[in-house]
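Chemist: With the sequence up front, the predicted model follows.
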Amino acid sequence: MPSINQDLLVRLEHELGLSRRQVYRLIEEKARETLLDRDLAAILVAADHRINISRYASKEQRAAIRGSLSSKPSPQPAAPGAVVRRITRPPEPVTLDLSFVSDSELRDILSRDLAELNVARSLGLDKTAKTCIVLCGSIAEALLLDQLSRDPTMSASVASALPPALRPKSPTRLEEWDLNDMVNVAIHWKPPLLPDDATTGAHQLRRWRNLIHPGRELRDARTKRIRPTKERANNAIAFLLFIGQELPR
């Protein structure tokens with residue numbers, strides 16, 4: 001049986017933010033669904049996620065895929081009164097460019113958390129809202145920590161010069177800063193690492209992440225109507241993508 005293109009496996013891991021085991025699982029599912037060999041199923045998985053397959057698939061492989069798919073019988077209409085099950089496609093995975101992260105250990109943490117976020121999201125945000133919110137906050141902090149740690153002297157200088165209301169409690173200890181601290185410092189860099197409107201999303205996400213504490217969740221639900229919801233999880237993901245796109249490379 002032909003082997004799966006190793007470069008394609010690496011590309012899928014990077015684009016989907018998944019581990020090698022999770023990528024193999026997607027390929028196995030596609031192979032069972034299409035009755036194709038795994039090397040061809042891997043190409044189909046890439047095509048499903050809008051990856052250009054021209055460099056990973058030979059003419060013979062593409063022809064084999066087209067021939068297999070075109071030979072499938074057309075679906076027959078359901079009989080009157082038959083129960084029709086709706087098939088829902090899993091959401092597109094959250095992808096971030098991690099190639100610019102300078103710290104290899106931090107990049108490993110980011111890859112792991114991003115993979116966990118995609119697994120949780122695939123189960124449905126209505127079931128995993130709290131998990132997704134917490135992971136989005138963790139990933140956003142890691143991205144900012146990498147940027148600010150490249151010049152810790154400058155970061156500490158910017159933090160120390162902030163107004164008291166915005167200044168971190170420990171301006172010289174980056175590892176103790178929370179998400180709000182990091183965003184405030186990033187905005188006041190010269191030139192800024194983030195646009196000014198990042199503060200709104202950071203403040204929201206910080207408040208939502210605090211719901212990880214049961215006492216806080218009970219209190220905020222009763223007095224402020226703040227609770228983990230699908231909509232808040234979607235907003236947390238949107239803010240994470242915003243951070244990933246705005247940070248300089």
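Modeler: Everything's here; your move. Residues are numbered from 1 along each chain as shown.
Chemist: Please count neighbours and contacts with C-alpha atoms only from this point.
Modeler: Noted.
Chemist: Just give me the residue right at the centre of the chain.
Modeler: Closest to where the C-alpha atoms of the chain average out (C-alpha atoms, centre = their mean) is residue 94, at 3.5 Å.
Chemist: Next, count neighbours for residue 33.
Modeler: The number of residues packed near residue 33 is 10, by other C-alpha atoms under 10 Å.
Chemist: again, but for residue 126
Modeler: 13.
Chemist: Buried ones in the helix or strand that contains it, by neighbour count?
Modeler: Per DSSP states H and E: residue 126 is located in helix 125-149. Residues of helix 125-149 classed as buried under the neighbour-count rule (16 or more other C-alpha atoms under 10 Å) are 125, 128-149.
Chemist: Quick one: mean pLDDT over it.
Modeler: On average, the pLDDT along helix 125-149 is 93.
Chemist: helix or strand right after that helix?
Modeler: Defined by DSSP H and E, the subsequent element after helix 125-149 is helix 152-161.
Chemist: Alpha carbons only: can I get that next one in PDB?
Modeler: Output in PDB follows, covering the C-alpha atoms of helix 152-161 (Å, rounded to 0.1, in the frame of the first residue of the first chain):
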ATOM      1  CA  PRO A 152      12.100  42.000  28.000                       C
ATOM      2  CA  THR A 153      13.900  45.200  28.900                       C
ATOM      3  CA  MET A 154      11.700  47.300  26.500                       C
ATOM      4  CA  SER A 155       8.600  45.500  27.800                       C
ATOM      5  CA  ALA A 156       9.500  46.200  31.400                       C
ATOM      6  CA  SER A 157      10.200  49.900  30.600                       C
ATOM      7  CA  VAL A 158       6.900  50.300  28.800                       C
ATOM      8  CA  ALA A 159       5.000  48.600  31.700                       C
ATOM      9  CA  SER A 160       6.700  50.800  34.300                       C
ATOM     10  CA  ALA A 161       5.800  53.900  32.400                       C
END
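Chemist: how far is it from where the chain is centred?
Modeler: Chain-centre distance of helix 152-161: 29 Å, with C-alpha atoms, centre = their mean, to the nearest Å.
Chemist: which of the residues in that helix are buried?
Modeler: Buried, per 16+ other C-alpha under 10 Å, within helix 152-161: 154-156, 158-160.
Chemist: in this protein, what secondary structure element scores lowest on mean pLDDT?
Modeler: helix 59-70 (a mean of 78; mean pLDDT, DSSP states H and E).
Chemist: And the contacts of it?
Modeler: For helix 59-70, contacts defined as C-alpha atoms under 8 Å, 6 or more residues apart in numbering pick out 34, 36, 40.
Chemist: May I see the residues you listed organised as a markdown table, with neighbour count, distance to residue 7 and pLDDT added?
Modeler: Shown next, in a markdown table, are the contacts of helix 59-70 (neighbours: other C-alpha atoms under 10 Å; distance: C-alpha to C-alpha, whole Å; pLDDT from 0 to 100):
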| residue | neighbour count | distance to residue 7 | pLDDT |
| --- | --- | --- | --- |
| 34 | 16 | 22 | 82 |
| 36 | 18 | 20 | 84 |
| 40 | 23 | 14 | 89 |
